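A.B. asks: how would this look folded up:
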Amino acid sequence: MTTYKKKSSYILLVFIIALVLIISSVKIFLPSNYFQLNIGFYLITATIICIMLFYYMNKKVSYLTISERDLTKKNILKKNTIRLDEIVGFEKEYWTSTYSKSLRYILLKTNNKDIKIDLYYEDINEIINWIETNFIDLNAVVAQKEWEQVLNNKEIGMNRFERLQQVKKAKNIAILLNGASIIIFPFYFFSLTRPFIIIPALIIPLLSFIAIFYFKGIIKFDDFSGKSDDHRVEKQSDPATHNSSVNAYILGAIGLPTLILFGIYFIDYNVINFNGLWKTALLTSTIIFVLCLIRTKEFKSNKVLSYVSLSMIYVLIFGYTFSGAIVLNCALDFSTPKKETSVIINKYVSGGKYDYYNIVIDKINKNKPVKLRVNEVMYNELQINTNFTFFNKEGLLKMDWVSFDK
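C.D. replies: Sure, this is the predicted structure:
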């Protein structure tokens, strides 16, 4: 029988030292009767801290015992024991990034319950080696089934070789699109380079949707919909190719360009007439989402996470269609600007982490005041009840917008 304990952690010690220092500082700099006047607040705070400390100790004080017949995991509050002959296999849980291979923990599974083995035990490599030697890798079993389904799918190719080539091609395209989105993303933060990434940001998600349709479900949004509520099943490898999951994932190629387009719309363009864009974007994004979902077959009706994750995907697609249409309308607008003058009726600063400078001008859109975003320098120069000159543009998609330069 062998017992392993978790490695010692200094987090608790640091937490206690910080708490002592804070209390000492408060005692020195505040009146002597401060704690008496605020006794209720500090009692509640102390209770919360005690609960947090107990929870932390319960997580960190843990022992894993392996005998000839069973395996036991014990901490302060709980003791779990499973017989070795009941273990049907193990699954590896990785950190959230689709392409990351950083192991998070191993799950030993039986027909009735599971035991999670964290990586913080002493001699963890010895434990992992014992698990891999004695039990079935359920991840590899799932991966093998998925590979067989794809390689036997006649819609993907004439024979298994052609289907395997399609899988490799899909993976390369997914890597290319995801990589391109990562490369262009930093250029968004510089005003001089933002105009040059508009076209790539518009094209990359569009190519991603096309790739989802073309590769008949090999390319998916992400693998979150395949997870259970408790853990991610990370597919391991195909024996023939030594590659990762049969599926390629393309969420980054949609998400990052969408953030770029929305940021460019919010910072650089002042649209004063959306011309029914909300309804059009809602309809378009719904059609794209449903068609992609039919192709990828990612939705799992019996899993809550599937509903949550795919709702986020829908929001991303809507954000792409909405902000993409606005950026396209303004960035590729070659209409003749009309010079107009109005009166500033209000100005204010909004925002949270960052400040956004706004002015409100009178009567340019159906006799209604219109809010415009300006930079800090312009905001400081402009005054209420003074004239403001701007250029009104028609827009490529007939959505009027305001420019401060010709």
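A.B. asks: got any ranges where the stretch 251-400 of the chain has weak pLDDT?
C.D. replies: Applying pLDDT under 70 to the stretch 251-400 of the chain flags residues 301-305, 351-354, 363-367.
A.B. asks: tell me where it has strands.
C.D. replies: Ranges of strands within the stretch 251-400 of the chain are 270-271, 338-351, 355-365, 368-374, 387-393, based on DSSP state E, counting those that start in this stretch.
A.B. asks: show me how far the third one is from its chain's centre.
C.D. replies: On the basis of CA atoms, centre = their mean, to the nearest Å, strand 355-365 sits 33 Å off its chain's mean C-alpha point.
A.B. asks: what strand or helix carries residue 150?
C.D. replies: Here residue 150 sits within helix 138-151, counting by DSSP states H and E.
A.B. asks: pLDDT on that helix, on average?
C.D. replies: For helix 138-151, mean pLDDT is 75.
A.B. asks: put the alpha carbons of it into CSV.
C.D. replies: What follows is helix 138-151, C-alpha atoms only, in CSV (Å, rounded to 0.1, in the frame of the first residue of the first chain):
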residue,chain,number,x,y,z
LEU,A,138,-11.0,6.4,-22.6
ASN,A,139,-10.0,9.5,-24.5
ALA,A,140,-8.2,7.3,-27.0
VAL,A,141,-11.2,5.1,-27.3
VAL,A,142,-13.5,8.0,-28.1
ALA,A,143,-10.9,9.4,-30.5
GLN,A,144,-10.6,6.1,-32.3
LYS,A,145,-14.4,5.9,-32.8
GLU,A,146,-14.5,9.5,-34.2
TRP,A,147,-11.7,8.7,-36.6
GLU,A,148,-13.5,5.6,-37.8
GLN,A,149,-16.7,7.5,-38.4
VAL,A,150,-15.0,10.1,-40.5
LEU,A,151,-12.7,7.7,-42.4
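A.B. asks: okay, buried residues for that helix please.
C.D. replies: Within helix 138-151, the residues scored as buried using 16 or more other CB atoms under 10 Å are 138-140, 142-144, 146-147, 150-151. All C-beta spots, glycine's among them, are computed from the backbone N, C-alpha and C.
A.B. asks: can you give me the buried ones in the next helix or strand after that helix?
C.D. replies: With elements assigned by DSSP H and E, the helix or strand that comes after helix 138-151 is helix 160-184. Of all the residues in helix 160-184, those buried under the rule 16+ other CB under 10 Å are 163-164, 166-167, 170-171, 173-174, 177-178, 180-181, 184.
A.B. asks: kindly report the same for stretch 62-78.
C.D. replies: Neighbour-count burial for stretch 62-78 flags 62, 64-66, 71-73 (criterion: 16+ other CB under 10 Å).
A.B. asks: ok, the residues you listed vs residue 335, which is closest?
C.D. replies: Lowest distance from residue 335 to the buried residues of stretch 62-78 (CB to CB) belongs to residue 62, with 67.6 Å.
A.B. asks: which non-adjacent residue is nearest that closest one?
C.D. replies: residue 75 (4.4 Å; CB to CB, 6 or more residues apart in numbering).
A.B. asks: ok, that neighbour touching residue 116?
C.D. replies: No: with contacts defined as CB atoms under 8 Å, residue 75 does not count as touching residue 116, sitting 11.7 Å away.
A.B. asks: gap between stretch 270-277 and the chain center?
C.D. replies: Mean-position distance between stretch 270-277 and its chain equals 29 Å (CA atoms, centre = their mean).
A.B. asks: list of residues touching that stretch?
C.D. replies: With contacts defined as CB atoms under 8 Å, 6 or more residues apart in numbering, stretch 270-277 is touched by 265, 322, 325-326, 329-330, 364-365, 370, 372-373, 392, 395, 397-403.
A.B. asks: where does pLDDT dip in the stretch 51-200 of the chain?
C.D. replies: Counting by pLDDT under 70, the stretch 51-200 of the chain has low-confidence residues at 54-61, 95-101.
A.B. asks: give me the element residue 208 is part of.
C.D. replies: Per DSSP H and E: residue 208 is located in helix 198-214.
A.B. asks: helix or strand right after that helix?
C.D. replies: Toward the C-terminal end, the helix or strand that comes next after helix 198-214 (DSSP H and E) is strand 219-220.
A.B. asks: can you read off the pLDDT for residue 404?
C.D. replies: 81.
A.B. asks: what's opposite the closest residue to it other than its chain neighbours in the beta bridge?
C.D. replies: Distances taken as CB to CB, 6+ apart place residue 390 nearest to residue 404, at 5.8 Å, with adjacent residues excluded. Residue 390 has the following beta-bridge partners by DSSP bridges: residue 340.
A.B. asks: rewinding a little: got the strands of the stretch 251-400 of the chain as CSV, with mean neighbour count columns?
C.D. replies: Output for these, formatted as CSV (neighbours: other CB atoms under 10 Å):
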stretch, mean neighbour count
strand 270-271, 18
strand 338-351, 13
strand 355-365, 16
strand 368-374, 16
strand 387-393, 16
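A.B. asks: and residue 308, which of those is closest to it?
C.D. replies: Proximity to residue 308 (CB to CB) singles out strand 338-351 among the strands of the stretch 251-400 of the chain, at 28.5 Å.
A.B. asks: just the angle between that closest one and strand 387-393, please?
C.D. replies: Strand 338-351 runs at 110 degrees relative to strand 387-393, counting by axes from the mean of the first three to the mean of the last three CA atoms, to 10 degrees.
A.B. asks: put the alpha carbons of strand 338-351 into PDB.
C.D. replies: Output in PDB follows, covering the C-alpha atoms of strand 338-351 (Å, rounded to 0.1, in the frame of the first residue of the first chain):
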ATOM      1  CA  LYS A 338     -21.700  66.800 -47.500                       C
ATOM      2  CA  LYS A 339     -20.400  69.600 -45.200                       C
ATOM      3  CA  GLU A 340     -22.900  70.500 -42.500                       C
ATOM      4  CA  THR A 341     -22.900  72.700 -39.400                       C
ATOM      5  CA  SER A 342     -24.900  72.100 -36.200                       C
ATOM      6  CA  VAL A 343     -24.900  73.300 -32.600                       C
ATOM      7  CA  ILE A 344     -23.400  71.400 -29.700                       C
ATOM      8  CA  ILE A 345     -26.100  71.100 -27.000                       C
ATOM      9  CA  ASN A 346     -24.300  68.800 -24.600                       C
ATOM     10  CA  LYS A 347     -20.900  67.100 -23.900                       C
ATOM     11  CA  TYR A 348     -20.000  64.500 -21.400                       C
ATOM     12  CA  VAL A 349     -17.500  61.800 -20.600                       C
ATOM     13  CA  SER A 350     -18.600  58.100 -20.200                       C
ATOM     14  CA  GLY A 351     -17.000  54.800 -19.600                       C
END
